[in-house]
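J.: I need the structure of the sequence given here:
(one chain, ligands or ions: 3)
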Amino acid sequence: MKIKSIKNIKNLAGKRVLLRCDFNVPVKNGRILDDYKIIKGLETIEYLLKKKSKVIIVSHLGRPDTAKKDAKYSLLPVAKFLKEKIKKQVNFVNDISGFQAGTAVSRMKNSEIVFLENIRFEKGEKKNSAILARHLAKLADIYVNDAFAVSHRAHASVSAIKKYLPSYAGLLLEKEILHLEKALKPKQPLILIIGGVKLATKIPLITKFRKKAHRILLGGALANNFFTAHGYEIGRSLVDKESVKFAKKLIKKGWDKNIILPIDLRVSNKKSFWDAHNKKLNEIGKRDYILDIGYGTVDFYKKYIKSAATVVWNGPMGMLEEQKFKYGTLALARSLAINSEKSVFSIVGGGETIEALKMTKTINDINWVSTGGGAMLAFLSGEKMPGIKGLVSGLHSSFCHLARA
Ligand code: ADP
Ligand code: 3PG
Ligand code: MG
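T.: Numbering: from 1, shown residues only. Ligands and ions are numbered 1, 2, ... in the order given. The predicted structure is shown next:
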């Protein structure tokens, strides 16, 4: 596999680098609630500054309804945070591709940073507009994509831009690809753990890994769809028709051979979720809500983790926001951390799943914690990655479309 890495650029001094980062982080009253993605992005910024280039940062934040400036989605708090972290001047510009941005960039000296406003305030961004891409390209000499988490999107600052500037992968993007590639050619046995809510977003992953994974362990609300498909009572638990249909189809085709379902569950029968009982799968009543995997399942799944060589995990096993229903997820996080120190190569991704690593203080014990939620699923499922296209070649057979820039 070959990556067009920024490390291969010979002379970066004085070069204007348009750096696409994913600084889409939760912000409340101007405070960054989770700095994980920003911290992961620092290495590339510091590398470019050290090489004396002029760094122009582009990112999105949230999903503004209309492509209009909205203070709620401003990147100013992120720019301020970055300034404190790297202890360097960060010149935030309340503009993206207009006159103000152009002027700020034209005044830049080597090793300086200009931070542009939310790229999603531009209506061309989500349309992958060539016009917007050309405007952005005029600001710089080189484009660097370090935003793995948005590389599954065909957006102007991620995809179209590469047509107009010599383009490279940033250090974080490179690391994401190198680590996630290990799940595509895994050391066996590979165990996949999938939880969370939306089965639809995880279907391609299950399908893709149905043979490659030694076992696929399911948990979270998405397991409810399989329980229903098998004819079990799930009471008032979260389920959706489309996902049940998919589960039934998969079972009919015999594609669920490697899929393991929880054998017991933590349930509540109150809407307030304050009571918690452990029940076997066949004991679930009409008024029950399934909110976590049970104690038996935790032990059962821990054995699989222990015997694995590779583990990929996305999606919590239960409603981890509720005190009484976080046990399953946290227990698996701890088990994965312990085994990662010994024999397992572990990869974890997904907003709430990473939250579980933080709650258990195990984030540094996992071999690779991906900054991509949807992007990690798309990458592992072999879906198109417009942000990576042209930057990587010889990745994996199902990725041959990437080789053609
Ligand atoms: P990630 O962000 O890690 O990819 P998801 O977004 O797919 O994970 O799912 C996280 C959400 O799943 C959490 O908000 C959690 O409350 C919810 N969840 C997990 N299990 C259940 C369940 N049994 N019932 C209802 N919600 C659940
Ligand atoms: C993420 O948080 O997963 C990325 O920033 C992508 O955001 P998006 O789903 O709004 O494109
Ligand atoms: Mg989530």
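J.: what sits closest to Ala247 if chain neighbours are left out?
T.: Ala229 (3.7 Å; CB to CB, 6 or more residues apart in numbering). Every residue, glycine included, has its C-beta placed from N, CA and C.
J.: how about the contacts made by the one you found?
T.: Applying CB atoms under 8 Å, 6 or more residues apart in numbering, we find Ala229 in contact with Val244, Ala247, Lys248, Ile251.
J.: which SS state does the first one fall under?
T.: Secondary structure assignment for Val244 (DSSP: H, G, I helix; E, B strand; the rest coil): helix.
J.: could you report the neighbour count for it?
T.: The number of residues packed near Val244 is 17, by other CB atoms under 10 Å.
J.: test my guess that it contacts Asn225.
T.: Yes. Here Val244 reaches Asn225: they are 4.9 Å apart, a contact under CB atoms under 8 Å.
J.: quick revisit: using ChimeraX, make a named selection holding only the buried ones among the contacts of Ala229.
T.: Provided next is the ChimeraX selection string for whichever of the contacts of Ala229 are buried by 16 or more other CB atoms under 10 Å:
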select :244,247
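J.: just the contacts of Ala229: which are in helices?
T.: Cross-referencing the contacts of Ala229 against helices under DSSP state H gives Val244, Ala247, Lys248, Ile251.
J.: list the contacts of the residue in the chain that ligand 3 sits nearest to.
T.: Minimum separation of the chain from ligand 3 (CB to the ion) falls at Gly351, amounting to 4.0 Å. Shown in contact with Gly351 (CB under 8 Å, 6+ apart): Gly373.
J.: contacts with ligand 1 among the contacts of Ala229, please.
T.: For ligand 1, no contacts are drawn from these by CB under 6 Å from any ligand atom.
J.: got a markdown table for the contacts of Ala229, with pLDDT too?
T.: As requested, the contacts of Ala229 are exported to a markdown table (pLDDT from 0 to 100):
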| residue | pLDDT |
| --- | --- |
| Val244 | 95 |
| Ala247 | 95 |
| Lys248 | 96 |
| Ile251 | 95 |
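J.: what number of residues lie near Ile9?
T.: For Ile9, the neighbour count with other CB under 10 Å is 17.
J.: now for the ones in helices among the contacts of Ala229: which two are most distant?
T.: The span of the ones in helices among the contacts of Ala229, defined through CB to CB, is set by Val244 and Ile251 at 10.5 Å.
J.: for this protein, what lies in contact range of ligand 1?
T.: 195-198, 220-221, 238, 290-291, 314-316, 318-321, 350-353, 373.
J.: among those, which lie within helices?
T.: Gly351, Glu352, Thr353.
J.: now these as CSV including pLDDT?
T.: Shown next, in CSV, are these (pLDDT from 0 to 100):
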residue, pLDDT
Gly351, 91
Glu352, 93
Thr353, 96
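J.: which stretches in the stretch 1-150 of the chain count as helices?
T.: Along the stretch 1-150 of the chain, the stretches classed as helices by DSSP state H, counting those that start in this stretch are 36-50, 76-86, 99-106, 130-138.
J.: right, and those - which one's nearest ligand 2?
T.: The closest of these to ligand 2 is helix 36-50. By CB to the nearest ligand atom, the value is 7.7 Å.
J.: which sections of the protein are below the confidence cut-off?
T.: With pLDDT under 70 as the threshold, the chain has low-confidence stretches at 396-405.
J.: need the residues of it near ligand 2, please.
T.: Asp22, Asn24, Arg63, Ala149, Val150, Arg153, Gly373, Gly374.
J.: picking that back up, just the buried ones from the residues of the chain next to ligand 1?
T.: Here, 16+ other CB under 10 Å leaves 195-197, 220-221, 238, 290-291, 314-316, 318-320, 350, 352-353, 373 buried among the residues of the chain next to ligand 1.
J.: strands - which of these land there?
T.: Ile290, Leu291, Asn314 (DSSP state E).
J.: closest to Lys185 out of these?
T.: Checking these against Lys185 by CB to CB gives Asn314 as the nearest, at 18.7 Å.
J.: leaving out chain neighbours, which residue sits closest to the closest one?
T.: Excluding its sequence neighbours, the residue lying closest to Asn314 (CB to CB, 6+ apart) is Gly350, at 4.4 Å.
J.: and for Phe227, the neighbour number?
T.: 22.
J.: shouldn't it be within a helix?
T.: Yes. If the criterion is three-state DSSP, then Phe227 is within a helix.
J.: neighbours of the closest residue to it other than its chain neighbours, how many?
T.: In space, and not counting its chain neighbours, Phe227 is closest to Ile234: 5.1 Å by CB to CB, 6+ apart. Counted by other CB under 10 Å, the residues lying close to Ile234 total 23.
J.: mind telling me which residue of the chain is nearest ligand 2?
T.: Closest point on the chain to ligand 2, by CB to the nearest ligand atom, is Asn24, at 3.4 Å.
J.: show me the contacts for that residue.
T.: Lys37, Ser59, His60, Leu61, Gly62, Ala149, Val150.
J.: distance of it from Ala160?
T.: 19 Å (CB to CB, to the nearest Å).
J.: same check, this time on Ala154
T.: 8 Å.
J.: hmm, Gly315 is touching Thr201, no?
T.: No. Counting by CB under 8 Å, Gly315 sits too far from Thr201 to count as a contact (9.3 Å).
J.: what residues are shared contacts of these two?
T.: Contacts common to Gly315 and Thr201, judged by CB under 8 Å, 6+ apart, are absent.
J.: for ligand 3, what are the nearby residues on this structure?
T.: Contact residues (CB under 5 Å from the ion) of the chain with ligand 3: Gly351, Glu352.
J.: nearest residue to Leu330 in space, please, no chain neighbours.
T.: Thr360 is the one closest to Leu330 (CB to CB, 6+ apart), at 5.2 Å.
J.: typed the wrong thing, it's Asp70
T.: In space, Asp70 is closest to Pro64, 5.2 Å off (CB to CB, 6+ apart).
J.: that neighbour: what's it in contact with?
T.: Asp70, Lys72, Tyr73, Asn118, Arg120, Phe121.
J.: go on, Lys2?
T.: Applying CB under 8 Å, 6+ apart to Lys2 gives the contacts Val392, Ser393, Gly394.
J.: could you rerun that using 10 Å?
T.: For Lys2, the contacting residues are Asn8, Leu391, Val392, Ser393, Gly394, Leu395, Ala403, by CB atoms under 10 Å, 6 or more residues apart in numbering.
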